[in-house]
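> how would this look folded up:
(one chain, ligands or ions: 1)
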Amino acid sequence: MSQDRGQFSSRLGFILAAAGSAVGLGNLVAFPVMASKNGGAAFLIIYLFFIAFICYPVMIAEISMGRKTQRNPVGAFSALSDGDRKWRLVGMLGILTPFMIAVFYTVITVWLVVYLKEIATGGLETLADEATFGTLVAEPSLFGYLILLLGIVFTILLGGVKGGIERLARVLMPTLAVMLILLTLFVLTLDGAVEGIKYYLVPDFSKVSLTVVNGALSQAFFSLSLGMGILITYGSYFGREDNIPQSTRMVAIADTSIAFFAGLLILPAIFAFDPNTNTDDLSTSSVGLIFSFLPKIFLSMQMAVGYTGASIVALVFFTLVFFAALTSLVSIVEIPISCWIDELKMSRKKAVLLQAGLLAVFAIPATMSLGMSDFFTNFTSYGGVTKSFFDLVSDVFYETILPLVGFTVCIFASYRWKTSGLSEEISKGDPAYEGSLLQKYINFSLGTVIPAVLLVVFLSTVYQIYL
Ligand code: PFF
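Model (predicted):
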């Protein structure tokens, strides 16, 4: 096996890196808004149920596939099916998906860099203006920031699993948690914060519809970085003797707690500074909320803490979001890299350079999709709407395909690798697994209820977006 593959130094290293991947825009923005609009605590209960009963077993299956084979998704599907071409193709979907997600996630992270620079140089007021976002994302200067960001991401990845990914997560994840707690405590001391907490958490079961349930599962799946090939790959860097169910639980708890706390920060902030907030304005789109809505909220803090104070709070918040996005971006770009290392027998250095080139080739048109180029901005149309190249990539690979990849993992682990193989791998670091309730539950549900539910979510998303 290639020396370049690497391994996490410990269980904690794995947990932090996986949590770094899981904690992203989904936690900090999409979750709070979704929860508050869809029944508060009622939504939370449904969400927790999905995390525990649907996502947790899929997480365990993905990590186990990676650890057993010590391979990327293509290699893992292939090795466990004795090179069956059909399953190798499914594995390729597990590479294509993160490859394309990286494309548009890079673009969003570039915007975050621009926002950080703007706020740091006194431009919070400009950002709070409705029109700014539209102009800013069409500026050719974005390419400079794109090069800067790609430089940071690929330098980290050049450092490898332990020296790059794990080291980044060890520094950024605790920092992120501390920043989140401090910012939340600050916001909770403000007048009006209670309104936000009420809006966030008071249960309202009448808001729970089928669409809400569907949305809760998609969000849970997405938030844990499932169906992106990430956990298969990270599993392949996970110690042979380590306990998979226990570590997985820690990642799920960390991810869900950060999403919950983000709600305690964002909603009270919104209500404290704009008590007249029209709740219909809170779009569930993370992009709209972060880039257009939140700067206004931060600016309105100036009455209480002055313009500089407001800018500092905004800067801390956007740094937090940037850290979350960076660790997620690094995790997703690592997947194709691990594939080039394993399957094309490349050194890490060559694989990183190849991926940097490939990502740039796609990230450039995606960057030009928001007004810079007519061709990429009005790239195609479906579902009765004109879509840009950026929209297309995001709709197909982010919004739609993840439950399908999850579905294939469940079917594969249950019927091709078989639950006996899965159990054997899990038992390696967890002798108590054999005969446990968890094992009984996974053996029963991974080939039945869970894939069925994921298929329904996939089909209903296809219906919603494209038809
Ligand atoms: N789990 C991330 C989130 O909740 O935001 C999702 C994610 C997005 C992971 C993009 C990785 C990534 F590149």
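> Which positions in this structure make contact with the ligand?
Residues of the chain found near the ligand (CB under 6 Å from any ligand atom) are 21-22, 24-27, 101, 105, 222-223, 225, 328-329, 331-332. Where C-beta positions appear, they are placed from N, C-alpha and C, glycine not excepted.
> mind listing the helices in the stretch 51-200 of the chain by residue range?
In the stretch 51-200 of the chain, helices defined by DSSP state H, counting those that start in this stretch lie at 56-69, 73-80, 85-120, 124-128, 130-136, 142-158, 160, 167-188, 193-201, listed in chain order.
> Could you pull up the mean pLDDT of stretch 99-112?
For stretch 99-112, mean pLDDT rounds to 94.
> same check, this time on stretch 442-458
97.
> What are the neighbouring residues in contact with the closest residue in space to Ser331 that isn't next to it in sequence?
Nearest residue to Ser331 in three dimensions, chain neighbours excluded: Ser21, at 3.4 Å (CB to CB, 6 or more residues apart in numbering). Each residue near Ser21 by CB atoms under 8 Å, 6 or more residues apart in numbering is listed here: 225, 230, 234, 327-328, 331-332.
> Could you give me the buried positions within the helix or strand containing Phe260?
Using DSSP states H and E, Phe260 sits within helix 244-273. Of all the residues in helix 244-273, those buried under the rule 16 or more other CB atoms under 10 Å are 244-245, 247-252, 254-256, 258-273.
> thinking again about what came up before, would you agree the residue nearest to Ser331 falls within a helix?
Yes: assessed by DSSP: H, G, I helix; E, B strand; the rest coil, Ser21 belongs to a helix.
> Renumber starting at 19 from here on
Done: numbering now begins at 19, and the last item shifts to Ser39.
> And it, how far from Asn45?
Distance of Ser39 to Asn45, computed by CB to CB, to the nearest Å: 11 Å.
> Equivalent analysis for Val403, please.
For Val403, the distance to Asn45 - CB to CB - is 28 Å.
> Between those two, which has more neighbouring residues?
Neighbour count, other CB atoms under 10 Å: between Val403 and Asn45, Asn45 has more, with 29 against 10.
> Ramachandran angles for the more buried one?
Main-chain dihedrals, Asn45, degrees, to the nearest 10: phi -80, psi -50.
> How about it, nearest residue that isn't a chain neighbour?
Using CB to CB, 6+ apart and skipping the chain neighbours, the partner closest in space to Asn45 is Ala277 (4.0 Å).
> could I get the helix or strand where Val423 lies in CSV with only the CA atoms?
Here Val423, judged by DSSP H and E, is contained in helix 419-429. Taking Å, rounded to 0.1, in the frame of the first residue of the first chain, the C-alpha atoms of helix 419-429 are listed here in CSV:
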residue,chain,number,x,y,z
ILE,A,419,-27.9,13.0,-5.1
LEU,A,420,-26.8,12.5,-1.5
PRO,A,421,-29.8,10.3,-0.5
LEU,A,422,-29.2,8.2,-3.6
VAL,A,423,-25.6,7.6,-2.7
GLY,A,424,-26.7,6.8,0.8
PHE,A,425,-29.2,4.3,-0.6
THR,A,426,-26.5,2.6,-2.6
VAL,A,427,-24.3,2.3,0.5
CYS,A,428,-27.1,0.6,2.5
ILE,A,429,-27.9,-1.8,-0.3
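> Check which residues of the very next helix or strand once past that helix are buried.
Going down the chain from helix 419-429, the next helix or strand is helix 436-447, by DSSP H and E. By 16+ other CB under 10 Å, the buried positions in helix 436-447 come out as 437, 440-441, 443-447.
> same deal with stretch 220-227?
So, applying 16+ other CB under 10 Å, buried residues of stretch 220-227: Val226.
> Could you work out the end-to-end span of it for me?
Stretch 220-227 has its terminal residues 17 Å apart, counting by CA to CA, to the nearest Å.
> Show residues contacting that stretch.
Contacts for stretch 220-227 (CB under 8 Å, 6+ apart): 55-61, 63-64.
> could you redo the last one with a cut-off of 7 Å?
56-60, 64 (CB atoms under 7 Å, 6 or more residues apart in numbering).
> Which ones among these map onto helices?
Mapping the contacts of stretch 220-227 onto helices (DSSP state H) picks out 59-60, 64.
> Only whichever of those residues are buried, select them in PyMOL.
Typed into PyMOL, the line below selects the buried ones among the ones in helices among the contacts of stretch 220-227, using 16+ other CB under 10 Å:
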select buried, resi 60+64
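> Pull up the distance across stretch 180-189, start to finish.
So stretch 180-189: terminal residues 13 Å apart, CA to CA.
> Sort out which residues of that stretch are buried, please.
By neighbour count with 16+ other CB under 10 Å, stretch 180-189 contains the buried residues 180, 182-188.
> Make TSV from the residues you listed and add distance to Leu377 to it.
Below are the buried residues of stretch 180-189 laid out as TSV (distance: CB to CB, whole Å):
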residue	distance to Leu377
Lys180	23
Gly182	16
Ile183	16
Glu184	21
Arg185	21
Leu186	18
Ala187	20
Arg188	25
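> The closest residue to Phe71 other than its chain neighbours and the ligand: what is the separation?
In space, and not counting its chain neighbours, Phe71 is closest to Ser463: 7.5 Å by CB to CB, 6+ apart. The gap separating Ser463 from the ligand is 23 Å, by CB to the nearest ligand atom, to the nearest Å.
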